[in-house]
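Engineer: pasting a predicted model and its sequence here:
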Amino acid sequence: MTPAAGFVLRLGGLFLVASVVGWGVDTALRSIRRRRWAPIRPVPFSPLYGLASLGLWAMPAPVAHAGWVVQFLVFAVAICTFEYAAGRAIAAVRGARMWDYTDRYLHLHGHTDLFHFFLWGALGVAAYRWALPPLAMSLGLSGHVQ
């Protein structure tokens, strides 16, 4: 196997693990809030979380060396922007929304909102500092993660 193919497989592993773990965290939060089992989809896989993890892994070096406040703001803005763009794209392709935050405070066309700004900032910092480094290392991926 060529080094490039191995690298792509390792990135694929990161994508797969994050897609399953992200689905699990999303399902847990959704189920707690609704007080019943409430997965976004029956298959334990959400590619949006896999893509987000690849984005976190590929963050530029200055973000890695910044303090947690800067990281929080970068992740909150970046992931909310991703959530907004993904929500618009999914709605355009499917003709229906997978999530709708129009009943939330300071929402942006119902695709993201102020609550998710804080949630994504906090989860981004937590994932970037504590979850992503051991996962990336176990997959043989070096990068800017701490």
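Structural biologist: On my side now, so go ahead.

Engineer: quick one: the helices in this structure?
Structural biologist: Remark: helices assigned in the chain by DSSP state H are 3-34, 47-57, 61-64, 68-94, 114-126, 132-138.

Engineer: between these, which gets nearest to Tyr101?
Structural biologist: Closest to Tyr101 of the helices of the chain, according to CB to CB: helix 114-126, at 7.1 Å. Where you see a C-beta, it was placed from the backbone N, CA and C, and this is true even at glycine.

Engineer: quick one on the thing from earlier: so which of the helices of the chain is the most surrounded?
Structural biologist: Counting by mean count of other CB atoms under 10 Å, helix 47-57 has the highest mean neighbour count of those, with a mean of 20.

Engineer: re earlier: which stretch in the helices of the chain is the model least sure about?
Structural biologist: Here these differ in mean pLDDT, and the lowest is helix 61-64 at a mean of 86.

Engineer: for that helix, name the packing helices and strands.
Structural biologist: For helix 61-64, the packing partners by 3 or more CB pairs under 8 Å, 6 or more residues apart in numbering; DSSP states H and E come out as helix 68-94.

Engineer: same thing but at 7 Å, please
Structural biologist: If you count contacts as 3 or more CB pairs under 7 Å, 6 or more residues apart in numbering; DSSP states H and E, helix 61-64 packs onto no helix or strand.
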